[in-house]
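Trainee: my questions concern the predicted model and sequence given below.
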Amino acid sequence: MTKTAIHVDHIARVEGQGNVHVVIEDGAVKTVEMNVVEPARLFESMVRGRSWREVSYISSRICGICSASHVVTDLKAIERIFGVQVTPRTRALRELLVYGSYLQNHATHLFVLAAPDFVGQKSVFPLAESDPALFEGALGLKALGNELCTAVGGRSIHPITAVVGGFTHEIGAGEYRALADKMDSFAAFAAAAVDLFAGFPVPRIATAGDMLAMVEPDYYPVECSDTARFLDAGIEFDANDVGAHLEEYAVPHSAALLARVRETGSPFFTGALARINASWQHLGQNAKVAAAKAGLRPPERNPFMNNVAQAVELVDALDRCAGICRALAEPGAVEGSSEPVGFEVRAGRGVGFTEAPRGALFHDLELDGEGRVVHASIMTPTAQNVANLEADMRVLAEQLVAEGAEEDAVRLEIEKLVRAYDPCLSCSVH
């Protein structure tokens, strides 16, 4: 019997700590594991007993990149409990805040974490010498995401101006117009990034599981909807019913809770690729052209194409944010005020739902009559993705072994796949 064990300890260029373990016996793949080795974060325990006023500030600390999404998701959960209806202007500002984190995350993931895989480098730093324009453009795009989050949320991470019912501060018309002009200035770079990542060769595989994304009629939603859909199963549900359709479970080899579709038992993928499969027709014109040129059209099931999907979302986010900023700069163009609306504190349960950069994010909160947290559960995109990542690693390993690939090649392609998922392993543990 011939046995090959492929171990990657502390896989590089991902956020958090995780190991890959693959065992091949007599030409057959026997074991495929993604070992998340992060300790428990205990954020749900931290907020228990705390006031509704504090919860979003605490939960934003789960992730530096996705902090805006955690804040908005918590606010949506609390507002569902209190029966708060925010204004269209507040919705627009929240969308800008979430998209600011998209610019931060996608620029970091694509150019710092993923790109070295395809140019034969171990890190991004050699690009500063070999392709300084690409390097500077990537840093500039990340900086623009920081600037947008600061303008809307009060600082680049862990926003402070977004509160239940609205915002405590809003910038002026001139600042909105300046932001819109900066968005426009990066449009050509973002379009070129789609071409760049579409040109990198990747294995042709199909994901093993379903896909999950927020949906909304006639829109590409990241914040404005409470409706989620499993694309393959055709199951559509309100976020408040997430527990009836999404099942979390533990495995011995990982500190992360894994997830599957409750009705089918299938693992699933959530993220940019799932969003584009769900709402391709609602992309902006420039993003749709860039996606079509890159060959990214539904149904696209190759998880390596998540890199291209993120690049397409950069094009879409820049155009969309520029339009929102210009609308906010015009008096009366966006209905209502961003000042917090009135409400009464009451007991109840609500689930907030947003599309964080890495995928669907759910915050399930229960409050008592004084607005203190009785129960909290946070389901992050990476926690939802780990089971499907393992399944896709098996698909990839079996294909490579059948093709006679050498051990080093199998190891490299599996590492590329892990990074294509853009995981935040620190966020995958509870």
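Mentor: Cool, the structure landed. Model, not experiment: these values are computed from the prediction.

Trainee: I'd guessed L328 sits against Y176; true?
Mentor: Yes: counting by C-beta atoms under 8 Å, Y176 is a contact partner of L328 at 5.0 Å. The C-beta positions use only the backbone N, C-alpha and C, and glycine is treated the same way.

Trainee: ok, the two, which is more surrounded?
Mentor: Between L328 and Y176, counting by other C-beta atoms under 10 Å, L328 is the more crowded of the two (25 against 22).

Trainee: which positions in the worst-scoring helix or strand of the chain on mean pLDDT come out as buried?
Mentor: Counting by mean pLDDT, DSSP states H and E, the chain has its least confident helix or strand at helix 127-130, which shows a mean of 79. Applying a neighbour-count criterion of 16 or more other C-beta atoms under 10 Å, one finds L127 buried in helix 127-130.

Trainee: gap between it and the chain center?
Mentor: 28 Å (C-alpha atoms, centre = their mean, to the nearest Å).

Trainee: try stretch 412-424
Mentor: For stretch 412-424, the gap between its own C-alpha mean and the chain's C-alpha mean amounts to 15 Å (C-alpha atoms, centre = their mean).

Trainee: and that stretch, average pLDDT?
Mentor: Stretch 412-424 carries an average pLDDT of 94.

Trainee: which residues of the stretch 251-400 of the chain fall in helices?
Mentor: In the stretch 251-400 of the chain, the segments counted as helices under DSSP state H, counting those that start in this stretch are 272-279, 285-293, 306-329, 381-402.

Trainee: and the ones you listed: which comes nearest A114?
Mentor: Closest to A114 of these is helix 306-329 (C-beta to C-beta; 5.4 Å).

Trainee: nearest to V71, out of the helices of the stretch 251-400 of the chain?
Mentor: helix 381-402 (15.8 Å).

Trainee: what helices or strands is the closest one leaning on?
Mentor: strand 18-25, strand 28-36, strand 258-261, strand 268-270, strand 359-367, helix 407-420 (3 or more C-beta pairs under 8 Å, 6 or more residues apart in numbering; DSSP states H and E).

Trainee: in that helix, what counts as buried?
Mentor: Those would be 381-397, 399-401, for helix 381-402 by 16+ other C-beta under 10 Å.

Trainee: give me every residue that touches the residue lying closest to E355 once chain neighbours are set aside.
Mentor: Nearest non-adjacent residue to E355, counting by C-beta to C-beta, 6 or more residues apart in numbering: V222, 4.2 Å away. Contacts for V222 (C-beta atoms under 8 Å, 6 or more residues apart in numbering) come out as E95, V98, Y99, Y102, M214, R275, T354, E355.

Trainee: how near is the second one to V251?
Mentor: When distance is defined by C-beta to C-beta, to the nearest Å, V98 is 31 Å away from V251.

Trainee: what's the answer for the fifth one, then?
Mentor: Separation of M214 from V251 (C-beta to C-beta) stands at 27 Å.

Trainee: of the two, which one has the most company?
Mentor: Each of M214 and V251 has its neighbours counted (other C-beta under 10 Å); M214 has more, 27 against 16.

Trainee: so in terms of bridging, what pairs with that one?
Mentor: On the basis of DSSP bridges, M214 is bridged to A228.

Trainee: give me the number of residues near the residue lying closest to V23 once chain neighbours are set aside?
Mentor: Nearest non-adjacent residue to V23, counting by C-beta to C-beta, 6+ apart: T31, 3.9 Å away. Using other C-beta under 10 Å, T31 is surrounded by 14 other residues.

Trainee: contacting residues for T31?
Mentor: Residues near T31 by C-beta under 8 Å, 6+ apart: H21, V22, V23.

Trainee: what about 10 Å?
Mentor: Applying C-beta atoms under 10 Å, 6 or more residues apart in numbering to T31 gives the contacts A5, I6, H21, V22, V23, I24, E25, H253, R394, A397.

Trainee: also A115?
Mentor: With C-beta under 10 Å, 6+ apart, A115 has these contacts: 13, 109, 121, 123-124, 127, 131, 134-135, 138, 193, 196-197, 200, 307, 419.

Trainee: now the host helix or strand of it: buried residues?
Mentor: Here A115 is covered by helix 115-118, with elements defined by DSSP states H and E. Neighbour counts over helix 115-118 (16+ other C-beta under 10 Å) mark A115, P116, D117 as buried.
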